[in-house]
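Engineer: Sequence first, predicted model second:
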Amino acid sequence: MNADEKISVAHLSVAFRRGAGYVPVVQGINFNIRAGETLALVGESGSGKSVTSLAVMKLLAQAPKTRIEGSAVVADSSGRAIDLVAMSEQQMRHVRGNRVAMIFQEPLTSLNPVHRVGDQIAEAIRFHDHLSKAQARARALALLEQVGIPEPAQRMQSFPHELSGGMRQRVMIAIALAMEPDVLIADEPTTALDVTVQAQILDLLRNLQKKNGMAILFITHNFGVVAEIADRVMVMYAGRIVEQGSVAQVLSAPRMPYTQGLLAAVPRFEHAGLGQGDLGTIPGFVPDPAAPPAGCAFHPRCAFSIAGRCDSQAPALEEVEHGHQLRCLRWQELTASVECAQGGA
Amino acid sequence: MSTVATYPSFSGRLAWFSNPTLARFMRHKLAVLGVVMITLLVLACVFGPYLLHYTDLSIDIRNRFSPPLTGNHYLGTDALGRDTAARLLNAGRISLTVGFFAMLISTLIGTLIGVVAGYYRGWIGAALMRFVDAFLSFPSVFLVLVLAAFIKPSPTMITLIIAVTSWMEISRIVEAEIRSLRERDFTLAARMVGASHRWIMFRELVPNAIGPIIVAATLTIANAILLEAYISFLGYGIQPPLPSWGNMLNAAQQYLGNAPWLAIIPGLAITLAVTSFNFIGDGLRDALDGRSDLK
């Protein structure tokens, strides 16, 4: 792990037990995130995004029910490298919320309805720091102020249901940031919020990241959010990374047909009212991980697949330019044809 | 900014009279009646004996079997000339105390087993719940009688015996509640910030299940009072001369023909206490379940 890498995940695979055997859900994921960097993880529902994050936090069911392989290395509080995959539940308790924190999609259900907001933040601090209740509450108050909650002293006394969605997500962020973690995993944190609040939360995350230099793994299926917050993008399909690169590389010049399909499905403001026909869709569904198609996992849904090649040969992750990798057997031909089409237009 | 500054005064804690839970409880007339009756009963049992002319053990041999309202014997006397009112109130102290502490102990046992079983599920949960089923499958009255026959019956022992045979209902309720609560996001979120299993069980989940626990506990008091009366009536419970509503009934049965008030008075006390607690339990069930507003 390089010095400025806050988390380094290598060959991470997750399999769930089903009947007698194991079904692979995530296969051979590699990524690392540097200090102050945001990596977006994009993909359809069921592509393995959330399982990847839960595997890193070791919040999936215990060993016989799931099998996790590979490594996920972060630094502990004294700076030593520790592999989360190899850690015991007891050790993980000191990592969760301390070195690695997480925020969720639904901020209302993630807060305990019967405890006051201030107490929830203070207790989260006291799991890791031996502070008195008064000291922890003082820290909680400072955190609420830091995440931009107006009247923080009054809000300390509020119950979760008395706050708006955006406020609740700010409280969740305050809890996540309480111990100044190296890594923040944000699992669709803005999906349940309306667009203006969404922009505020993204701003907040970006500002906090600038201040404390944490690495963010941002899970989403909203490309607008990706463009706004991420430095690099990783597209996942059927448990594998199918394309990764910088935001500019992936969003403006996607090479993998799956990524192209996802981007074609995003409504675009500049096309509004021009009558350019329907939004793009990708036919079919994510394959069942228990019965993956032979060859390229995407070939049954791919408009460019060729019988005899895509359905028999599994593509490897290839580097197409510096920092831009993808998993497609035909990318060279397809790139050429795209360039022809663009030249003709 | 000035409008923002006034905002907290609207969102402060709700005053007690506009609390929706309390409002729902107050709408349940029988439950309110129950609270009034229990309050009166408790006050009478605590302070009443000091206001009477006789203690529960003083014998007025010339006025045996006097009916209610003779002289200073407001509720009459029994076969030994002891004042029924004094005995009734002292018996109430014992019966209500036994009921209350039996409830406390059985709620603790039931909650503990229910939480652990519901949280861990798997073989731990299955083993604990089969243990609960095993206890439930005994007819508890006979279990109580058998235990009471072996153990020297003092109020403490009777309390323990009743508690040990009436915690199963609560543990079933709590187990079901915790099972559904542990699947909620805040359980995962608590693990996410590094909470231990014990913390999650007792600080995150139990407070969310407190409504059903309170309801079950209230109904358990009613059952405990009834069970105490039952075993005392059969002679295995509180032993005379210490009065309890159950053994007053037992003593009264020989004189049912010529001194019926000796049976009617403690019988009424038991009925009053048990039905009042049941009404309170019903009212609490409606009040603590926010959905009942939708009806």
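Structural biologist: Structure's in. What do you need? Numbering: from 1, shown residues only, chains lettered A, B, ... in the order given.
Engineer: tell me the contacts of the residue most central in space within chain B?
Structural biologist: In chain B, the C-alpha nearest the mean C-alpha coordinate belongs to residue B:221, at 1.4 Å (C-alpha atoms, centre = their mean). Residue B:221 makes contact with B:99, B:100, B:102, B:103, B:277 under the criterion C-beta atoms under 8 Å, 6 or more residues apart in numbering or on different chains. All C-beta atoms are positioned from the backbone trio N, CA, C, and that covers glycine.
Engineer: Could you pick out which of those residues are located in helices?
Structural biologist: Of these, the ones assigned to helices by DSSP state H are B:99, B:100, B:102, B:103, B:277.
Engineer: Which of the helices or strands spans residue A:242?
Structural biologist: Secondary structure from DSSP states H and E places residue A:242 in strand A:240-246.
Engineer: average model confidence for that strand?
Structural biologist: In this model, strand A:240-246 carries a mean pLDDT of 90.
Engineer: ok, now stretch A:127-147?
Structural biologist: Mean predicted lDDT for stretch A:127-147 stands at 89.
Engineer: Does it reach chain B?
Structural biologist: Yes: on the criterion C-beta under 8 Å from any C-beta of the partner chain, stretch A:127-147 is in touch with chain B at A:127, A:128.
Engineer: For that stretch, buried residues please.
Structural biologist: Across stretch A:127-147, burial judged by 16 or more other C-beta atoms under 10 Å in any protein chain shown covers A:127, A:128, A:136, A:137, A:139, A:140, A:141, A:143, A:144, A:146, A:147.
Engineer: Over to stretch A:256-273?
Structural biologist: For stretch A:256-273, by 16+ other C-beta under 10 Å, it's A:256, A:257, A:258, A:259, A:260, A:261, A:262, A:263.
Engineer: Let me know the closest of those residues to chain B.
Structural biologist: residue A:262 (26.8 Å; C-beta to the nearest C-beta).
Engineer: sorry, back to before: report the strands that pair with the strand holding residue A:242, each with its relative direction.
Structural biologist: Its sheet considered, strand A:240-246 pairs with strand A:232-237 (antiparallel), strand A:324-326 (antiparallel) by DSSP bridges.
Engineer: now for the contacts of residue B:221, which pair is the farthest apart?
Structural biologist: Greatest spacing in the contacts of residue B:221, by C-beta to C-beta: B:102 and B:277 (12.3 Å).
Engineer: I'd like the distance between residue B:281 and chain A.
Structural biologist: To chain A, residue B:281 is 21 Å away according to C-beta to the nearest C-beta, to the nearest Å.
Engineer: Where does pLDDT dip in the stretch 201-345 of chain A?
Structural biologist: For the stretch 201-345 of chain A, the stretches flagged by pLDDT under 70 are A:270-277, A:336-345.
Engineer: mind running it again at 90?
Structural biologist: Residue ranges of the stretch 201-345 of chain A with pLDDT under 90: A:201, A:203-204, A:208, A:211-213, A:220-225, A:227-228, A:237-240, A:248-345.
Engineer: if we can go back for a sec, can you tell me how far the residue nearest to the centre of chain B is from residue B:130?
Structural biologist: From residue B:221 across to residue B:130, the span is 27 Å (C-beta to C-beta, to the nearest Å).
Engineer: what do you get for residue A:17?
Structural biologist: Residue A:17 is 25 Å from residue B:130, by C-beta to C-beta.
Engineer: more neighbours, the two?
Structural biologist: Comparing residue A:17 with residue B:130 by other C-beta atoms under 10 Å in any protein chain shown, the one with more neighbours is residue A:17, at 14 against 11.
Engineer: can you map out the strands along the stretch 151-300 of chain A?
Structural biologist: Using DSSP state E, counting those that start in this stretch, the strands of the stretch 151-300 of chain A run over residues A:183-187, A:215-220, A:232-237, A:240-246.
Engineer: With mean neighbour count as added columns, please give these in JSON lines.
Structural biologist: Shown next, in JSON lines, are those (neighbours: other C-beta atoms under 10 Å in any protein chain shown):
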{"stretch": "strand A:183-187", "mean neighbour count": "25"}
{"stretch": "strand A:215-220", "mean neighbour count": "24"}
{"stretch": "strand A:232-237", "mean neighbour count": "24"}
{"stretch": "strand A:240-246", "mean neighbour count": "23"}
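Engineer: Present the ones you listed as a markdown table; the columns should include distance to residue A:43.
Structural biologist: Formatted as a markdown table, these follow (distance: least, C-beta to C-beta, whole Å):
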| stretch | distance to residue A:43 |
| --- | --- |
| strand A:183-187 | 12 |
| strand A:215-220 | 9 |
| strand A:232-237 | 4 |
| strand A:240-246 | 8 |
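Engineer: Near chain B, which residues of the stretch 51-200 of chain A? Just list them.
Structural biologist: So the stretch 51-200 of chain A meets chain B at A:57, A:59, A:93-98, A:101-102, A:104, A:106, A:109-115, A:123-124, A:127-128, A:150-151, A:154, A:157-158, A:162, A:172, A:175-176, A:178 (C-beta under 8 Å from any C-beta).
Engineer: Quick one, which of the residues you listed are buried?
Structural biologist: When these are checked for burial by 16+ other C-beta under 10 Å, the buried set is A:57, A:93-98, A:101-102, A:104, A:106, A:109-112, A:114-115, A:123-124, A:127-128, A:154, A:158, A:172, A:175-176, A:178.
Engineer: Can you tell me the element the residue nearest to the centre of chain B falls in?
Structural biologist: Per DSSP H and E: residue B:221 is located in helix B:210-233.
Engineer: Closest residue of the stretch 101-250 of chain B to chain A?
Structural biologist: Closest point on the stretch 101-250 of chain B to chain A, by C-beta to the nearest C-beta, is residue B:193, at 3.4 Å.
Engineer: Need the pLDDT of the closest residue to chain B within the stretch 1-150 of chain A.
Structural biologist: Going by C-beta to the nearest C-beta, chain B is nearest to residue A:97 of the stretch 1-150 of chain A, at 3.4 Å. On pLDDT, residue A:97 comes in at 85.
Engineer: Which residues are in contact with it?
Structural biologist: A:124, A:127, A:128, A:175, A:176, A:178, A:179, A:181, B:192, B:193, B:194.
Engineer: Ramachandran coordinates for it?
Structural biologist: Torsion angles at residue A:97 (phi, psi; degrees, to the nearest 10) stand at phi 80, psi -10.
Engineer: Quick check: the gap between it and residue A:289.
Structural biologist: Taking C-beta to C-beta, one finds residue A:97 at 30 Å from residue A:289.
Engineer: All the helices of the stretch 151-295 of chain B, in order from the start?
Structural biologist: Remark: helices assigned in the stretch 151-295 of chain B by DSSP state H, counting those that start in this stretch are B:155-164, B:168-181, B:185-192, B:197-199, B:210-233, B:245-252, B:261-288.
Engineer: Would you mark the buried spots in the first one?
Structural biologist: Neighbour-count burial for helix B:155-164 flags B:155, B:158, B:159, B:160, B:161, B:162, B:163, B:164 (criterion: 16+ other C-beta under 10 Å).
Engineer: The fifth one and residue B:152 touch, don't they?
Structural biologist: No: if you go by C-beta atoms under 8 Å, residue B:161 and residue B:152 don't touch, sitting 11.2 Å apart.
Engineer: Would you agree residue B:173 is in contact with residue B:114?
Structural biologist: Yes: assessed by C-beta under 8 Å, residue B:173 is found in contact with residue B:114 at 6.9 Å.
Engineer: related to what we said a few turns ago, out of the buried residues of stretch A:256-273, which sit inside helices?
Structural biologist: Going by DSSP H, the helices hold A:257, A:258, A:259, A:260, A:261, A:262, A:263 from the buried residues of stretch A:256-273.
Engineer: Of those residues, which ones also sit close to chain B?
Structural biologist: Of these, not one also sits near chain B (C-beta under 8 Å from any C-beta).
Engineer: export those residues to TSV and tack on distance to residue A:4?
Structural biologist: Below are these laid out as TSV (distance: C-beta to C-beta, whole Å):
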residue	distance to residue A:4
A:257	34
A:258	31
A:259	28
A:260	33
A:261	35
A:262	30
A:263	30
